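Undergrad: Below are the sequence and a predicted model; questions follow.
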Amino acid sequence: MRRRIIGICICVYFGLCVAWSINPQKYKQKETYDTVKSRVHLLHVDSMFFDDRVSKTAQFLVGNVQFEHEGIYMYCDSALYYEASNSFDAYGNVKMVQGDTLTLDGEILYYNGMDQLARVRHNVVLRHVETTLYTDSLDYDRLYNLGYFFEGGRLVDQGNELSSDWGEYSPATRNAVFNYNVRLVSPGPPEEPKSTIISDTLYYNTKTAIAHVKGPSNIDNGDSHIYTELGYYYTQQELSYLLNRSILTNNGKRMVGDSVVWDGMTNEGKAFGNIEYSDVVNKNMFKGGYCYYNDDQGYMEAADSAVVIDYSQRDTLYAHADTFKVFTYHKDTDSLYRTIHGYHHVRAYRSDVQAVCDSLVYNSNDSCMTMYRDPILWQMGQQLVGEEIQAYMNDSTMDSVLVLRQAISVERMDSIHYNQVAGKEIRFYFKEGQMDMTRVIGNVMLNYYPTDEDSLMIGMNHLESTDLKLFMKEGKIDKIWAPASTGKLTPVPLIPPKELYLENFVWFDYVRPKDKDDIFNWRSKKAESQLKQSVQRRAPKQKLTDINKKQIKKE
């Protein structure tokens with residue numbers, strides 16, 4: 001019996017300990033509940049009554065009703081006040097005021113003080129600082145300081161107007177989120193819009209007026225159009241920062257890159273990473289790692305492994321350089337023309353023409369492409385070399401080529417024998433894509449191998465003169481004209497090895513681009529194949545003091 005009594009006492013003591021450990025926690029929870037969930041206070045009403053037939057828990061409030069709950073004031077014409085559940089339903093001229101920055105108007109308000117959720121319906125207007133949100137149904141969560149609409153809404157801010165099917169707005173951060181059929185117009189009505197954004201998801205900050213789009217989106221700004229799936233648009237500056245291979249089109253130009261920056265005010269665009277710039281009007285395209293474009297000036301620059309692709313002719317031309325630049329002159333006039341500058345390490349390929357040089361300039365005014373510094377031009381089996389080469393185009397074919405200073409033309413017959421002509425200046429004339437006539441001026445030297453009916457070489461015709469004209473027929477020399485000259489014909493077996501090649505003979509077959517992909521592989525000339533450096537003579541001194549000094553020295 002004594003052991004039973006002791007066991008019962010131990011159980012009772014243990015139960016009391018458990019009770020004491022639980023009761024303070026329950027009291028703490030109740031205290032927290034009462035502190036956080038404060039009561040909704042009825043501040044004023046003209047008349048109040050009960051009607052058990054309508055509701056056994058609601059108080060009927062009529063006339064100038066005013067509530068307060070944790071610093072927010074709510075007004076209406078009439079209301080049903082549920083004191084037990086700490087909530088009310090407000091009707092007519094509903095207004096919520098929070099501080100001096102936020103007001104919320106509507107026709108009906110359902111407010112629950114327990115979860116601090118306000119549901120406003122019909123002709124809802126939320127005003128915060130300079131931002132106004134219009135909708136028909138809005139829920140405002142005071143705990144998270146967030147209002148969201150779900151039946152269509154329109155936000156007006158800093159001259160911008162945004163609309164969507166669903167959205168939310170945070171007064172604390174001033175961030176807005178819009179989903180489904182999003183439309184941003186800047187500036188909004190009644191002004192003429194400068195830019196429009198159509199998107200599926202858009203984030204907007206009313207303080208900075210910056211829009212952040214996600215998903216398929218279209219931005220129209222004047223003559224420019226942008227398609228992006230991820231980007232930022234500064235509405236006040238009309239500035240776009242675009243990612244994920246966004247596409248910019250403007251007046252027939254199209255620019256794509258891993259990232260794109262577009263300034264709508266200055267009509268300037270930049271693209272970075274795997275860029276593609278195409279001009280539909282002029283039928284050319286640029287590729288590279290960087291691109292800059294200014295529509296007002298008609299200027300474009302492509303760099304970082306830049307490639308230009310010209311498809312304006314029947315055959316496509318591919319050219320590579322470290323940098324390409326396009327300049328437009330007399331823009332928006334009938335005298336408009338463009339120049340394309342390429343430098344350095346220029347390599348070009350077309351099925352019928354290939355070229356290598358340090359830099360080049362193409363002028364659309366006279367369809368002339370000028371190559372500078374160690375230029376080489378190949379046309380079928382012929383190689384042209386000089387200090388400067390000017391190639392004139394006629395539609396899709398070559399019209400004429402001018403080679404200046406240390407000019408030499410080489411045509412390969414076999415591994416040993418080459419037709420060669422050299423002079424100070426060589427001009428080639430083409431007819432229907434075929435060479436028709438060649439004229440050589442100054443210090444003319446010619447090594448030419450005539451052939452018989454079986455295309456067998458008869459010998460080598462060596463000629464030296466001051467002027468020379470070669471008339472072609474079916475790709476072969478038909479006639480040779482020269483003034484007083486010296487020359488001889490040597491049978492092939494008797495040609496001395498030292499006379500096989502002219503003094504400045506070179507053959508750069510190892511440098512020639514093989515296809516459109518080979519334009520990226522720069523191959524330098526061998527040291528022994530470089531052209532001789534031109535010596536520019538200085539003009540004599542013409543100052544009187546210099547002449548007098550010379551006379552004094554002579555005396």
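TA: Great, that's in hand. Numbering: from 1, shown residues only.
Undergrad: per-residue confidence averaged over stretch 523-534?
TA: When pLDDT is averaged along stretch 523-534, the result is 67.
Undergrad: Please enumerate residues in contact with stretch 442-451?
TA: Applying C-beta atoms under 8 Å, 6 or more residues apart in numbering, the set of residues contacting stretch 442-451 from outside is 413, 417-425, 440, 457-468, 476-477, 480, 482, 485, 487, 492, 499-503. Using the backbone N, CA and C atoms, a C-beta is placed for each residue, glycine as well.
Undergrad: Any buried residues in that stretch, and which?
TA: Applying a neighbour-count criterion of 16 or more other C-beta atoms under 10 Å, the buried positions in stretch 442-451 are Val444, Met445, Leu446, Asn447, Tyr448, Tyr449.
Undergrad: now those in JSON lines, with distance to Asp295, secondary structure and pLDDT?
TA: Written out in JSON lines, the entries for the buried residues of stretch 442-451 read as follows (distance: C-beta to C-beta, whole Å; DSSP: H, G, I helix; E, B strand; the rest coil; pLDDT from 0 to 100):
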{"residue": "Val444", "distance to Asp295": "50", "secondary structure": "strand", "pLDDT": "92"}
{"residue": "Met445", "distance to Asp295": "52", "secondary structure": "strand", "pLDDT": "92"}
{"residue": "Leu446", "distance to Asp295": "52", "secondary structure": "strand", "pLDDT": "91"}
{"residue": "Asn447", "distance to Asp295": "53", "secondary structure": "strand", "pLDDT": "92"}
{"residue": "Tyr448", "distance to Asp295": "53", "secondary structure": "strand", "pLDDT": "89"}
{"residue": "Tyr449", "distance to Asp295": "55", "secondary structure": "coil", "pLDDT": "90"}
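Undergrad: which stretches of this protein form helices?
TA: For the chain, helices defined by DSSP state H occupy the ranges 2-36, 544-554.
Undergrad: rank the ones you listed by pLDDT, which is bottom?
TA: Out of the helices of the chain, helix 2-36 stands lowest, with a mean of 42 (criterion: mean pLDDT).
Undergrad: Flag the shaky bits of the chain, pLDDT-wise.
TA: 1-37, 395-396, 527-555 (pLDDT under 70).
Undergrad: Domains in it, by residue range?
TA: Domains of the chain are assigned by automatic domain parsing as 37-121, 384-510.
Undergrad: Start and end of the longest one, how far apart?
TA: From its first residue to its last, domain 384-510 covers 14 Å (C-alpha to C-alpha, to the nearest Å).
Undergrad: contacting residues around Ala176?
TA: Residues in contact with Ala176, defined by C-beta under 8 Å, 6+ apart, are Leu155, Leu162, Gly167, Glu168, Tyr169, Ser170, Tyr203, Tyr204, Asn205, Thr206.
Undergrad: Restrict those residues to the buried ones and give me that as a ChimeraX selection.
TA: Buried subset of these, written as a ChimeraX selection, criterion 16+ other C-beta under 10 Å:
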select :155,162,167,168,169,170,204,206
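Undergrad: Specify the beta-bridge partners of the nearest residue to Tyr144 once chain neighbours are set aside.
TA: The spatial neighbour of Tyr144 that comes closest, neighbours along the chain excluded (C-beta to C-beta, 6 or more residues apart in numbering), is Ser170 at 7.9 Å. Listed beta-bridge partners, Ser170: Asn175 (assigned using DSSP bridges).
Undergrad: so how far is Asn93 from Ser170?
TA: 26 Å (C-beta to C-beta, to the nearest Å).
Undergrad: same question, Met413
TA: Taking C-beta to C-beta as the measure, Met413 falls 102 Å from Asn93.
Undergrad: With Arg439 instead?
TA: Here Arg439 is placed at a distance of 96 Å from Asn93 (C-beta to C-beta).
Undergrad: Which one's more surrounded, the two?
TA: Regarding Arg439 and Asn93, a neighbour count based on other C-beta atoms under 10 Å identifies Arg439 as having more, with 17 against 13.
Undergrad: Write down the beta-bridge partners of the more buried one, one by one.
TA: Using DSSP bridges, the bridge partners assigned to Arg439 are Arg427, Lys469.
Undergrad: pretty sure it is in contact with Gly423, am I right?
TA: No. Taking C-beta atoms under 8 Å as the contact criterion, Arg439 and Gly423 are not neighbours in contact, 9.1 Å apart.
Undergrad: anything in contact with each of those two?
TA: Each of Leu468 lies in contact with both Arg439 and Gly423 under the rule C-beta under 8 Å, 6+ apart.
Undergrad: At which residues are the strands of the stretch 151-300 of the chain located?
TA: With DSSP state E, counting those that start in this stretch as the criterion, the stretch 151-300 of the chain has strands at 153-157, 160-164, 166-170, 175-186, 195-205, 210-221, 224-234, 239-250, 253-263, 268-279, 284-294, 299-310.
Undergrad: okay, the buried residues of stretch 442-451 in a markdown table with distance to Arg254 next?
TA: Formatted as a markdown table, these follow (distance: C-beta to C-beta, whole Å):
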| residue | distance to Arg254 |
| --- | --- |
| Val444 | 50 |
| Met445 | 51 |
| Leu446 | 50 |
| Asn447 | 51 |
| Tyr448 | 50 |
| Tyr449 | 51 |
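Undergrad: Greatest separation within these: which pair is it?
TA: With C-beta to C-beta as the measure, no two of the buried residues of stretch 442-451 lie farther apart than Val444 and Tyr449, at 17.2 Å.
Undergrad: so Leu500 touches Ile416, yeah?
TA: Yes. Using C-beta under 8 Å, Leu500 is in contact with Ile416, at 6.8 Å.
Undergrad: Check the spacing between Leu494 and Gly459 real quick.
TA: 8 Å.
Undergrad: before we move on, what about Thr206?
TA: Thr206 sits 90 Å away from Gly459, taking C-beta to C-beta as the criterion.
Undergrad: which parts of stretch 488-506 are buried?
TA: Of the residues in stretch 488-506, Ile495, Tyr501, Leu502, Asn504, Phe505, Val506 count as buried by neighbour count, 16+ other C-beta under 10 Å.
Undergrad: about what we covered before: wait, what's in contact with the residue nearest to Tyr144?
TA: Ser170 is in contact with Tyr144, Asn145, Leu146, Gly147, Ala176, counting by C-beta under 8 Å, 6+ apart.
Undergrad: Could you give me the ChimeraX selection string for whichever of those residues are buried?
TA: To isolate the buried ones among the contacts of Ser170 in ChimeraX, judged by 16+ other C-beta under 10 Å, type:
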select :146,147,176
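Undergrad: Could you measure from Phe430 over to Met398?
TA: When C-beta to C-beta is the yardstick, Phe430 and Met398 sit 5 Å from each other.
Undergrad: ok, back up a step: just put the domains of the chain in a markdown table and tack on distance to Asp258.
TA: As requested, those are arranged in a markdown table below (distance: least, C-beta to C-beta, whole Å):
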| stretch | distance to Asp258 |
| --- | --- |
| domain 37-121 | 41 |
| domain 384-510 | 34 |
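Undergrad: closest one to Thr370 among these?
TA: Thr370 lies closest, by C-beta to C-beta, to one member of those: domain 384-510, at 4.9 Å.
Undergrad: now the closest one, how far from the chain's geometric center?
TA: Centroid separation between domain 384-510 and its chain, computed with C-alpha atoms, centre = their mean, to the nearest Å, is 47 Å.
Undergrad: Would you mind measuring from the spatially closest residue to Thr316 that is not a sequence neighbour to Met285?
TA: The spatial neighbour of Thr316 that comes closest, neighbours along the chain excluded (C-beta to C-beta, 6+ apart), is Ile309 at 6.3 Å. The span separating Ile309 from Met285 equals 4 Å under the rule C-beta to C-beta.
Undergrad: okay, these two: which has more neighbours?
TA: Under the neighbour definition other C-beta under 10 Å, Ile309 and Met285 were set side by side, and Met285 has more, 19 against 16.
Undergrad: Could you measure from the more buried one over to Ala391?
TA: Met285 sits at a distance of 21 Å from Ala391 (criterion: C-beta to C-beta).
Undergrad: what's the answer for Ser186, then?
TA: 49 Å.
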